[in-house]
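> I need the structure of the sequence given here:
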Amino acid sequence: MSSDKDDLRLSDPHVFATGNPHDVWTRLRKEDPVHLTASAVDRDYWSVTKHADVQFVLKNAELFSSQQSGVSLPTNKEMADPKKSEHARLAQAGAMLPTLDPPRHPKARAQFADRFTPKVVNALEDRVRMVTGKILDSVRDRRECDFVADIAARLPISTIFTMMDIPEADWPMLFNYANMHTAPEDPEFSIGTALETRQRGALGLVGYCRELALERRAAPGTDLLSLIAAVAIDGEKLSDDELGFLGHMFVIAGQETTRNSLSAGMLELMRNPQEMDRFRCTPSLLKTAPDEFIRWATPIAHLMRTATADVELGGKTIRKGDWVVNWLASANRDETVFKDPFRFDAGRSPNPHVSFGFGPHFCLGAFLGRLQIRVMMQTLMERFENIELAGDPQYVASIQFTGLKRLRVGLTPRRAAA
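Below is the predicted model of the structure:
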């Protein structure tokens, strides 16, 4: 049985940077898959660790609210307090899609769905290839680079900011705000306390997107922020808060999945030369590898919900108002669903991971994330005959947006044909 000490490890961002939470999740899946967990905010919560149970919670939006307490587990009391935390206030106001409950959520989501269909996303492939080529041209002659900062982060930044028509001069500032918001406990991004850091990141992103969306409402274009500005639910335009927080959502979501999945997948290929060779020699793996990258990384480690009524799950009674933390990273290693789940398999199929969530809040950008990973990995294999680890990986300190922040790699370009 998991101990309180183990429980607190799941509330400690630094464990995700330097430790291994998977040993706790593995034990919970076996011994207590719906586990009442001691937290760092003097409020217990339910840890849901098995694939089927996570799917049950996420698909039942009426029983498990995204809005009442937000979708991320706070790491201290202040972060959970909407009077002190701007992010908590906006989340509990339902100011963006992931924190909206029905009936408002499906009405809002429907107005964005057409922008992220397979047909529309596939039409972006030429642009994604062009951006990918420029990124790899910039590192070709350096022989060594930071895969995260120099390659993996640059593609999704360019893609989502271009879709939002954000001036390129502002990209570095917004990227910094995003890091402050998603990893406020990480010393590299900190400007003070975790609350102060997240507050600055959230206020910076939300404020920027709000002002730009208001400008687009007056003079609309065809970009994503103009679409946000034009959205109306039951005849009402979105509030200023909703404009800013929805823009903030697209900035965060547009970066995290691709950056962290590309980095995690590349690290596993470098650690496993046989799998790297298999990937290089088997073009068909480009169809399956993106989902294995995403399963392996699980860029969003958990999604929190709040029970709206008493409900039985896994032999436990979850009471109305209880927090329920769905550990996506655990569900993606569930031994009853994935064969040999701790083995990275670029050809894994089927691959029913829950990295994009499940049910009514399934990630709008899933097709776009897969496209970017496929194009980047194909182009990397074509342009470089060898990619190898050149330093110890460094992980970000965050319990929700997990991933690598440093990954030094050595690059050997392919010689041009004579």
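> Name the residues of stretch 42-53 that are buried.
Using 16 or more other CB atoms under 10 Å as the test for burial, stretch 42-53 gives 45-51, 53. Bear in mind the C-beta positions are built from the backbone N, C-alpha and C, glycine included.
> check which helix or strand covers the nearest residue to Ala229 once chain neighbours are set aside.
What sits nearest to Ala229 in space, not counting adjacent residues and going by CB to CB, 6 or more residues apart in numbering, is Arg217, at 3.8 Å. Arg217 is part of helix 194-218, with elements assigned from DSSP states H and E.
> Kindly report the same for Glu388.
strand 384-389.
> ditto for Pro156
helix 154-163.
> And the contacts of that helix?
Helix 154-163 has contacts (CB atoms under 8 Å, 6 or more residues apart in numbering) with 124, 127-128, 131-132, 135, 168, 171, 174-175, 223-224, 250-251, 254-255, 257-259, 262, 368-369, 372, 376.
> after that helix, next one along is what?
Using DSSP H and E, the first helix or strand after helix 154-163 is helix 171-182.
> Please name every helix or strand in contact with that next one.
Contact here means 3 or more CB pairs under 8 Å, 6 or more residues apart in numbering; DSSP states H and E; on that basis helix 171-182 packs against helix 154-163, helix 194-218, helix 240-271.
> Buried deepest among those helices, which one?
Each of these was assessed for mean neighbour count using mean count of other CB atoms under 10 Å. The highest is helix 240-271, with a mean of 24.
> That one - what's its average pLDDT?
The pLDDT scores in helix 240-271 average 94.
> got it, and stretch 17-29?
93.
> Kindly report the same for stretch 55-68.
97.
> Now it: buried residues?
55-58, 61, 63-68.
> Dump the helix holding Pro156 to CSV, restricted to CA.
Extracted C-alpha coordinates of helix 154-163, given in CSV (Å, rounded to 0.1, in the frame of the first residue of the first chain):
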residue,chain,number,x,y,z
ARG,A,154,10.7,26.0,-32.2
LEU,A,155,8.4,24.1,-34.5
PRO,A,156,5.2,24.3,-32.3
ILE,A,157,6.0,27.9,-31.4
SER,A,158,6.2,28.9,-35.0
THR,A,159,3.0,26.9,-35.9
ILE,A,160,0.7,28.1,-33.2
PHE,A,161,1.9,31.7,-33.2
THR,A,162,1.5,31.8,-37.0
MET,A,163,-2.0,30.4,-36.7
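> quick one, that helix and helix 171-182 angle?
Helix 154-163 runs at 110 degrees relative to helix 171-182, counting by axes from the mean of the first three to the mean of the last three CA atoms, to 10 degrees.
> now helix 154-163, how far from the chain's geometric center?
15 Å (CA atoms, centre = their mean, to the nearest Å).
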